[in-house]
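Visitor: Output the structure for:
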Amino acid sequence: MKALIWCAPYKVKVEDVPEPKIINKRDAIIRVTSTCICGSDLHLVDGFIPFMKPGDILGHEPMGIVEEVGPDVDKSKVNVGDRVVVPFHISCGECFFCQRQMYSCCDNTNTKPYIGETLLGQATAGILGYSHLTGGYAGGQAQFLRVPLADFNCQKMPQEFEDEKLVFLSDIYPTGYMAIQHCNPQPDDTVAIWGCGPVGQFAIRSAFLLGAAQVVAIDDEQKVPERMQMARDAGAITIDMHDEYVYDRLLDLTGGLGPDICVDAVGMEAHGYTMLETIYDKVKTNLFMETERPHAVRQALMCCRKGGTVSIAGVYGGLSDKIPMGALMNKALTIKTGQTHVHRYVPELLETIRQGRIDPSFVVTHRMPLSEAPHAYNIFREKSDGCIKVVLDPAA
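Guide: Have a look, this model is predicted:
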């Protein structure tokens, strides 16, 4: 089969690889009909998450048709011919965390927990196509995919919607939604969102779905004007981080208080807001004294109102420097974080699609065959050609 493999930092290519097989009795094999490139994939390709090996198959936003199931799969939940979305993380449904709907914290699906225990204290759930830190599972940017514990991890989908309305239930729609939902937004709240990429776009729309009074989106108008326009199309007020002083503008918009909820939808590869900050983090990361650039979360902590909530939806993988702990503690801020518990949100968010409250396909700017995935990664990383979200077709 054809699959996109990681070769080295900044190098991926499409190659012929062996088709996946049933390994465990609750596995399923799906024929992938749509798969997407996520901003989190760039952290792997750019070398910010180091636990990759040449030949690893990338991708964690797939959907497709079930082609084969293992003998112990509960056929009442998933069977051959079913159309399914596969959440990016693999969960057992039975452990301490899954029983509390904290599915991305599953204790039973990371096949290499010792790496997570060393780096993070405890291992997360296994994640498709996301390095050996999260189990070393083959990813979904391929023609076929093995799904472990398939009767729990294959989310059955209706037939009446095209893939592009459903595939984002695998990751970015629930991620943007949880970024807001677990902050308990109130009807008079102002929500500020750093980053107008795909997750930021879904966070904007989720804030309105959940009843926020005002949404403010922060990004770079010169570099990503199409993302800023997409945010305005959703009803957000936009702030150009290079043309306006973000802190002052947010105070103006909130009567001097600051936003009630601040969302970091950028993560570890954020661009700096000042030349000094940019140089500082570049030097530190080059010297391996810091593993990421936490510009967005620093500013969110400083801008959030006293007693407010900072939600970190952007991915971080290691050690960040110069986090304003004084602001966090003295302003009585609440921090909400986490890889998204996708299984928890799929039924609710599928219903918003059925009701016509959102059409998730709004975010798609490029549709390309899997064979063109290296080019797709390039334009996505460089934010060129108006690229916001790429859907790959493995059959094309």
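Visitor: Now do the same contact list for the residue sitting nearest the centre point of the chain.
Guide: Centroid-nearest residue in the chain, with Cα atoms, centre = their mean: residue 172, separated by 5.0 Å. Contacts of residue 172 were listed using Cβ atoms under 8 Å, 6 or more residues apart in numbering, and they are 36, 38, 61, 198, 199, 202, 363, 389. Heads up, the C-betas are built off the backbone N, CA and C, glycines and all.
Visitor: which one is the second one nearest to, not counting chain neighbours?
Guide: Among residues not flanking residue 38 along the chain, residue 61 sits closest, at 5.6 Å (Cβ to Cβ, 6 or more residues apart in numbering).
Visitor: and that neighbour, what is it in contact with?
Guide: Neighbour list for residue 61: 35, 36, 37, 38, 88, 140, 167, 168, 170, 171, 172 [criterion: Cβ under 8 Å, 6+ apart].
Visitor: now, which of the residues you listed sits nearest residue 380?
Guide: residue 37 (5.4 Å; Cβ to Cβ).
Visitor: what's the burial count for that closest one?
Guide: Applying other Cβ atoms under 10 Å, we find 27 other residues in the vicinity of residue 37.
Visitor: Is there a neighbour count for the residue nearest to it when sequence neighbours are not counted? I'd like the number.
Guide: In space, and not counting its chain neighbours, residue 37 is closest to residue 390: 4.6 Å by Cβ to Cβ, 6+ apart. By other Cβ under 10 Å, 22 other residues sit near residue 390.
Visitor: hey, what's residue 390 bridged with?
Guide: Beta-bridge partners for residue 390, by DSSP bridges, are residue 366.
Visitor: residues in contact with it?
Guide: Contacts of residue 390 (Cβ under 8 Å, 6+ apart): 36, 37, 364, 365, 366, 367, 368, 376, 379, 380.
Visitor: tell me the pLDDT at the residue nearest to residue 219 when sequence neighbours are not counted?
Guide: Spatial nearest neighbour of residue 219, chain neighbours left out: residue 196 (4.2 Å); criterion: Cβ to Cβ, 6+ apart. Residue-level confidence at residue 196 comes out at 97, pLDDT.
Visitor: can you pull the contacts of the spatially closest residue to residue 258 that is not a sequence neighbour?
Guide: Nearest residue to residue 258, sequence neighbours excluded (Cβ to Cβ, 6+ apart): residue 305, at 3.5 Å. Contact partners of residue 305, counting by Cβ under 8 Å, 6+ apart, are 254, 257, 258, 259, 260, 331.
Visitor: ok so, going back, I'd like the contacts of residue 61 laid out as CSV, including secondary structure, pLDDT and distance to residue 57.
Guide: Listed next are the contacts of residue 61 as CSV, based on DSSP: H, G, I helix; E, B strand; the rest coil; pLDDT from 0 to 100; distance: Cβ to Cβ, whole Å:
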residue, secondary structure, pLDDT, distance to residue 57
35, strand, 98, 11
36, strand, 98, 14
37, coil, 98, 13
38, coil, 96, 14
88, coil, 98, 14
140, coil, 98, 8
167, helix, 98, 18
168, helix, 98, 20
170, helix, 98, 16
171, coil, 98, 16
172, helix, 98, 20
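Visitor: can you list these in JSON lines and add distance to residue 291?
Guide: Below are these laid out as JSON lines (distance: Cβ to Cβ, whole Å):
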{"residue": "35", "distance to residue 291": "28"}
{"residue": "36", "distance to residue 291": "25"}
{"residue": "37", "distance to residue 291": "22"}
{"residue": "38", "distance to residue 291": "19"}
{"residue": "88", "distance to residue 291": "21"}
{"residue": "140", "distance to residue 291": "26"}
{"residue": "167", "distance to residue 291": "30"}
{"residue": "168", "distance to residue 291": "28"}
{"residue": "170", "distance to residue 291": "26"}
{"residue": "171", "distance to residue 291": "22"}
{"residue": "172", "distance to residue 291": "23"}
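Visitor: These, buried ones only, as a PyMOL selection?
Guide: To isolate the buried subset of the contacts of residue 61 in PyMOL, counting by 16 or more other Cβ atoms under 10 Å, use the following:
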select buried, resi 35+36+37+38+88+140+167+168+170+171+172
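Visitor: Now flag whichever of the contacts of residue 61 is closest to residue 352.
Guide: Distance ranking of those against residue 352, using Cβ to Cβ, places residue 168 first at 11.8 Å.
Visitor: Burial check on residue 320, number of neighbours?
Guide: Around residue 320 there are 18 residues (other Cβ under 10 Å).
Visitor: picking that back up, ok, which pair from the contacts of residue 305 is furthest apart?
Guide: Between any two of the contacts of residue 305 (Cβ to Cβ), the greatest distance is 14.2 Å, for 254 and 331.
Visitor: Would you mind listing where the stretch 201-350 of the chain has pLDDT under the threshold?
Guide: 275 (pLDDT under 70).
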